[in-house]
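Asker: Sharing a model prediction with you, sequence too.
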Amino acid sequence: MGAGRAVVAGHDVLFRDGLALLLERAGYEVVGHAVAATDLTAAVRDRLPDVVVIDMGPPSAGSADHVNAAKVIRREFPEIGIMILASEAEEDALELLLSQGKGVGYRLKQEFVDVDEFLDTLRRITGGGPVVDAGLLRQFVTGRHDPLARLSGRERQVLAAMADGRSNSGIAERFFISEGTVEKHVRSILAKLDLDAGDDDHRRVLAVLRFLGAAGNIGESRRPSRPAGRRRDRASASGPGPLHSTVVSSR
């Protein structure tokens with residue numbers, strides 16, 4: 001059984017065709033290629049892939065059109081995964097993708113350390129997880145005040161564990177508390193951060209963005225350390241590399 005059906009889009013023909021070849025070798029059936037955003041939406045409507053991979057390119061190449069196409073695809077086909085690859089950070093793209101909920105990803109092309117990491121990210125997106133490059137998060141969240149000032153010490157710990165990719169059950173295991181208590185902490189965190197709109201997964205992503213902005217850097221001291229000998233939560237495994245992508249799980 002193949003890995004799924006894919007549509008590949010982008011203005012750079014060499015990168016687009018190379019990406020299609022890589023996907024085919026990994027077991028994907030590439031059912032469409034697109035250059036313009038209108039071609040992308042038409043290909044998705046006609047072929048109904050499992051995932052769309054978009055090379056944004058520089059803003060001058062019409063990257064905004066591709067982001068708008070991603071929004072249309074998300075609205076019409078919420079079950080289709082969307083991965084956007086960029087060479088530089090664009091706030092509009094990140095804000096737009098975060099607003100769309102599950103099954104979306106935004107990564108810097110140059111931050112992938114190998115093909116396996118790329119394919120693992122693609123699998124997480126097609127599985128419904130939001131995946132955002134840590135470097136993009138650092139550029140996006142630049143608030144000058146501490147957005148976490150209203151949180152209690154335990155709530156900060158829970159939020160830090162969320163940023164580490166832990167599910168509610170993983171957080172409960174980490175702090176030796178019940179999942180019900182974790183859920184209460186999460187609800188309190190979202191309320192105190194004024195994140196009272198949208199689905200739970202989207203709100204958790206936004207909460208993690210606030211945490212990362214306050215922490216300044218991924219992996220600093222605000223993240224809880226993992227006790228020796230305890231297994232790592234599946235949702236937190238992001239693979240090796242200089243930067244890890246963030247996966248937010250509510251389960």
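Answerer: Received the coordinates, thanks.
Asker: Where does L85 sit: helix, strand or coil?
Answerer: Put simply, L85 is strand when judged by DSSP: H, G, I helix; E, B strand; the rest coil.
Asker: Can you report how many residues lie near it?
Answerer: By the criterion of other CB atoms under 10 Å, L85 has 22 neighbours. For glycine as for every other residue, the C-beta is placed from the backbone atoms N, C-alpha and C.
Asker: Next one: the nearest residue to L190 once chain neighbours are set aside from R187, what distance?
Answerer: Nearest non-adjacent residue to L190, counting by CB to CB, 6 or more residues apart in numbering: R203, 5.1 Å away. Counting by CB to CB, to the nearest Å, the separation of R203 from R187 is 10 Å.
Asker: Which helix or strand contains the residue nearest to V30 when sequence neighbours are not counted?
Answerer: Excluding its sequence neighbours, the residue lying closest to V30 (CB to CB, 6+ apart) is A20, at 4.6 Å. Applying DSSP states H and E as the criterion places A20 in helix 13-25.
Asker: now swap in R107 and tell me
Answerer: If you go by DSSP H and E, R107 is part of strand 104-108.
Asker: That strand packs against which elements?
Answerer: Counting by 3 or more CB pairs under 8 Å, 6 or more residues apart in numbering; DSSP states H and E, the packing neighbours recorded for strand 104-108 are strand 81-86, helix 91-98, helix 115-126, strand 131-132, helix 134-140.
Asker: Now do that strand and helix 115-126, the angle between them.
Answerer: Relative orientation of strand 104-108 versus helix 115-126 (axes from the mean of the first three to the mean of the last three CA atoms, to 10 degrees): 150 degrees.
Asker: now strand 104-108 against strand 81-86, angle please.
Answerer: Going by the same axes, to 10 degrees, strand 104-108 is angled at 20 degrees with respect to strand 81-86.
Asker: pLDDT below threshold where in the stretch 151-251 of the chain?
Answerer: Low-confidence segments of the stretch 151-251 of the chain (pLDDT under 70): 196-202, 212-251.
Asker: Try it again at 80.
Answerer: Counting by pLDDT under 80, the stretch 151-251 of the chain has low-confidence residues at 164-165, 194-251.
Asker: With the stretch 1-150 of the chain instead?
Answerer: Ranges of the stretch 1-150 of the chain meeting pLDDT under 80: 1-2, 57-64, 88-102, 129-130, 132-150.
Asker: on that earlier part again, note down every partner strand of the strand holding R107 and its orientation.
Answerer: Taking DSSP bridges as the criterion, strand 104-108 forms sheet pairs with strand 81-86 (parallel), strand 131-132 (parallel).
Asker: So for H33, which of those strands sits nearest?
Answerer: H33 lies closest, by CB to CB, to one member of the strands paired with strand 104-108: strand 81-86, at 15.0 Å.
Asker: Okay, buried residues for that closest one please.
Answerer: Within strand 81-86, the residues that qualify as buried are G81, I82, M83, I84, L85, A86, counting by 16 or more other CB atoms under 10 Å.
Asker: partner residues bridging the first one?
Answerer: Counting by DSSP bridges, G81 forms beta bridges with V51.
Asker: same check, this time on the fifth one
Answerer: L85 has the following beta-bridge partners by DSSP bridges: D55, R107.
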